[in-house]
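S.K.: Starting from these lines, generate the structure:
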Amino acid sequence: MVIARNVDVGQTVSASVSAPTLFVIAADLSKMQVEAGIDESDVGRVKEGQPVTFHVDAFPDETFTGTVLEVRLNPTVDSNVVTYTTVIDAPNASLQLKPGMTALLSIVVGRRDNVLRVQAAALQYHPSSGVLARYGDKSAIAPSGKANAVWVSNGTTIAPEPVTTGASDGIYTELVSAPFDEGTAVVTR
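M.R.: Next comes the predicted model:
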């Protein structure tokens, strides 16, 4: 399939130092690759074979899948931001993906199934003295130092519960151990 034609019929082509490009030809558009710029802070968790999902602006309601093929070692520096090119193998049997499209992708670097999780905001919540005076459980002991705690509500009062955290995606955080069960109301603001 011809991707680009760089000359017109009858145009004179001069090959002085290198051979001119007449056409750009794609071998097989059913086998595409996405070249992603991965930030240096994230590249250490990206490995070959990890699953990838991505979206393109042309098809906003569709999710495309792929696999990390390689992480290249040559960094790119742009405005003091270091990124590493990561090649994603993306099957394109429907030929919807076109060369040059911009993709927004997510690489699965870890997965936890059947775990208790809370919104990350619940771990960052610290009630003000006014909120504690109005809704605080008088018998509760507030956590000290850097202990992780989640404030839970029984409908009338709130109290801190100590928890041990696990993996987080920035939106939700896994609770490795918690003194409450699924469905417990937690305070996030």
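S.K.: Output stretch 117-130 as PDB, restricted to C-alpha atoms.
M.R.: Presented in PDB, the C-alpha positions along stretch 117-130 are these (Å, rounded to 0.1, in the frame of the first residue of the first chain):
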ATOM      1  CA  ARG A 117      -9.500  -1.100  47.700                       C
ATOM      2  CA  VAL A 118     -10.300   2.500  48.600                       C
ATOM      3  CA  GLN A 119     -10.100   5.800  46.800                       C
ATOM      4  CA  ALA A 120      -6.600   7.200  47.200                       C
ATOM      5  CA  ALA A 121      -8.300  10.400  48.500                       C
ATOM      6  CA  ALA A 122      -9.500   8.400  51.600                       C
ATOM      7  CA  LEU A 123      -5.900   7.900  52.700                       C
ATOM      8  CA  GLN A 124      -5.100  11.600  52.300                       C
ATOM      9  CA  TYR A 125      -8.100  12.800  54.300                       C
ATOM     10  CA  HIS A 126      -7.400  14.500  57.600                       C
ATOM     11  CA  PRO A 127     -10.500  16.100  59.300                       C
ATOM     12  CA  SER A 128     -10.200  19.600  60.600                       C
ATOM     13  CA  SER A 129     -10.700  20.300  64.300                       C
ATOM     14  CA  GLY A 130     -14.200  21.700  63.500                       C
END
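S.K.: buried residues in it?
M.R.: Arg117, Val118, Ala122, Leu123, Tyr125, Pro127 (16 or more other C-beta atoms under 10 Å). Where C-beta positions appear, they are placed from N, C-alpha and C, glycine not excepted.
S.K.: I'd like the distance from it to the chain centre, please.
M.R.: 23 Å (C-alpha atoms, centre = their mean, to the nearest Å).
S.K.: can you give me phi and psi for Ala121?
M.R.: phi -60, psi -30 (degrees, to the nearest 10).
S.K.: what's the single longest strand in the chain?
M.R.: Among the segments of the chain that qualify as a strand by DSSP state E, the longest is strand 59-78.
S.K.: Report the buried residues of that one.
M.R.: Phe64, Gly66, Val68, Val71.
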